[in-house]
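Asks: okay, here's the prediction I keep looking at, along with the sequence it came from:
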Amino acid sequence: MSTAELYRWSLQVRADLDRLGGQLLDLDGDPTTKLVAAGGMTGSSAAPSAAATAALDRLWALLTAVRGQLDTVEQQRAKGRKADEGLVARSLTDPVIEVDPGLGLGRLTMAGAMNRMTADYATASEVIARIGGAWRDGLPLLDQGRVRLEQLRADLGSFPESDRAAEALARSDAAAATDPLLLGETLGPLRQALDVTDAAAGNLQARRMELPGQLHDAAELLARVDRMIREGSVALDETRAKITAPAGLLAPLDPAALLDDPGPGRGLGPWLERLRVTAGTDWRAAVNGLVAWRRLAEGISATAEQVRAANRAPLDRRNELRGLLDALAVKAAAAGRAEDPDLSASHERARSLLYVAPCDLDAAAVAVDGFGRSIAPRAPRPEEDQR
């Protein structure tokens, strides 16, 4: 390469160096750069921040050294024909660029130094951008999340989702100080934990607002259970008095034990009253307790309904037979057989069995069935067909 060509190349190197120097000054003005250069990074940020710091040290050292060599070339170019062309060539092509041995670079050519600077700038700027981005994205989220959790806990107290969000926030907080690259990795889980907490808080707030209505509904359920238990007992007594040897009866439930027992978690009435009192001081305990109360109350309600239905079944069967007998009597009258003595006698037998206490259901069912058959159309006799 001729001296003229070397001069032209030196001007291009000078332009590249000035551009790189301006970028390095901008990078040096970034607050993240100063924090990285201060050291103390740990975990996943330790090695990248150390690499960025070393790259910055080399950049500043090489910037000065390369500028010195270019200044030497510029001084020779200014001499015109008196220039030391050998010095120009050595300055631009020989490995004459040296910096502090502690930086581990050895002797570099101009091209080697520029390549080294370009690579080091890429390393430093990439690490600083990642760390700075993690802080820019993370620190506002940490502040917002901390305030949000404090507000929710002040309003609703601690709940599992808020506890998990607090743990995620603590992990991000710990990373923010000395391991910002880890902070970046924790932001996604933290956002998710905060979203889940908001959803759970909304559900809790809705349950708190619904509590008065739920207590009212529980009182109505308690009244229904009490009514069904007592109706089941009344049905048992009535069926035994009005039906002969009734089958399938069930023992009535004990309202004193199930509704009135003051023991914890036993009698539905005292338990519901305790929940009503608790709602004024610890609504969440009342909400959770009401879930358990309703589970027991609905189980008792289902059993009480089963008892009531079983104990009323014989009476319901008797009433069905009475209705059927009346319908058959109407059918007989419509057929013009109301005055038929045999039919009247059959009807009276069935009626006497159904309207007596105790009622023999089996005998009454046979009598009603017989009455129904007796009013069915008769098939003509053979001699009637011949006529």
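Replies: Thanks, I have it.

Asks: residue ranges of each domain in this structure, please.
Replies: Domain segmentation of the chain under automatic domain parsing yields 3-142, 148-208, 209-312, 319-381.

Asks: same list, those domains, but as a markdown table with mean pLDDT please.
Replies: As requested, the domains of the chain are exported to a markdown table (pLDDT from 0 to 100):
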| stretch | mean pLDDT |
| --- | --- |
| domain 3-142 | 94 |
| domain 148-208 | 93 |
| domain 209-312 | 93 |
| domain 319-381 | 89 |
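
Asks: part of a strand, is Phe263?
Replies: Small correction: residue 263 is Gly, not Phe. No: applying DSSP: H, G, I helix; E, B strand; the rest coil, one finds Gly263 to be coil, outside a strand.

Asks: that one: neighbour count?
Replies: Neighbourhood size, Gly263 [other C-beta atoms under 10 Å]: 9. C-betas here are computed from N, CA, C, even on glycine.

Asks: mind checking the end-to-end distance for stretch 75-89?
Replies: End-to-end distance for stretch 75-89: 13 Å, by C-alpha to C-alpha, to the nearest Å.

Asks: starting at the chain centroid, how far to that stretch?
Replies: Stretch 75-89 has its C-alpha centroid displaced from the chain centroid by 76 Å (C-alpha atoms, centre = their mean, to the nearest Å).

Asks: and that stretch, which residues are buried?
Replies: Buried residues in stretch 75-89, counting neighbours by 16 or more other C-beta atoms under 10 Å, are found at Gln76, Arg77, Ala83, Val88.

Asks: between those residues, which is closest to Ala47?
Replies: Val88 (41.2 Å; C-beta to C-beta).

Asks: how far away is the closest one from Arg107?
Replies: From Val88 over to Arg107 the distance is 18 Å, taken as C-beta to C-beta, to the nearest Å.

Asks: what's the following helix or strand after whatever helix or strand Leu92 lives in?
Replies: Using DSSP states H and E, the element containing Leu92 is helix 85-93. Downstream of helix 85-93, the first helix or strand assigned by DSSP H and E is helix 110-156.

Asks: so which elements touch that next one?
Replies: For helix 110-156, the elements it packs on are helix 3-29, helix 31-37, helix 46-78, helix 85-93, helix 160-178, helix 180-242, judged by 3 or more C-beta pairs under 8 Å, 6 or more residues apart in numbering; DSSP states H and E.

Asks: now with 6 Å, please.
Replies: helix 31-37, helix 46-78, helix 160-178, helix 180-242 (3 or more C-beta pairs under 6 Å, 6 or more residues apart in numbering; DSSP states H and E).

Asks: orientation of that helix relative to helix 180-242 in degrees?
Replies: Put simply, helix 110-156 runs at 30 degrees to helix 180-242, going by axes from the mean of the first three to the mean of the last three C-alpha atoms, to 10 degrees.

Asks: ok, Leu272 - contacts?
Replies: Applying C-beta atoms under 6 Å, 6 or more residues apart in numbering to Leu272 gives the contacts Ala218.

Asks: look up how far Ala297 lies from it.
Replies: 8 Å.

Asks: and the residue lying closest to Arg191 once chain neighbours are set aside, how many neighbours does it have?
Replies: Closest residue to Arg191 apart from its sequence neighbours, by C-beta to C-beta, 6 or more residues apart in numbering: Leu141 at 6.9 Å. When neighbours are defined as other C-beta under 10 Å, Leu141 has 19 of them.

Asks: relative to Ala175, how far out is Leu141?
Replies: Taking C-beta to C-beta as the measure, Leu141 falls 12 Å from Ala175.

Asks: just Ala78 next, same as before
Replies: In terms of C-beta to C-beta, Ala78 sits 55 Å off from Ala175.

Asks: so the nearest residue to Arg284 once chain neighbours are set aside versus Leu190, what's the distance?
Replies: Closest residue to Arg284 apart from its sequence neighbours, by C-beta to C-beta, 6+ apart: Gly157 at 6.4 Å. Relative to Leu190, Gly157 is positioned 21 Å away (C-beta to C-beta).
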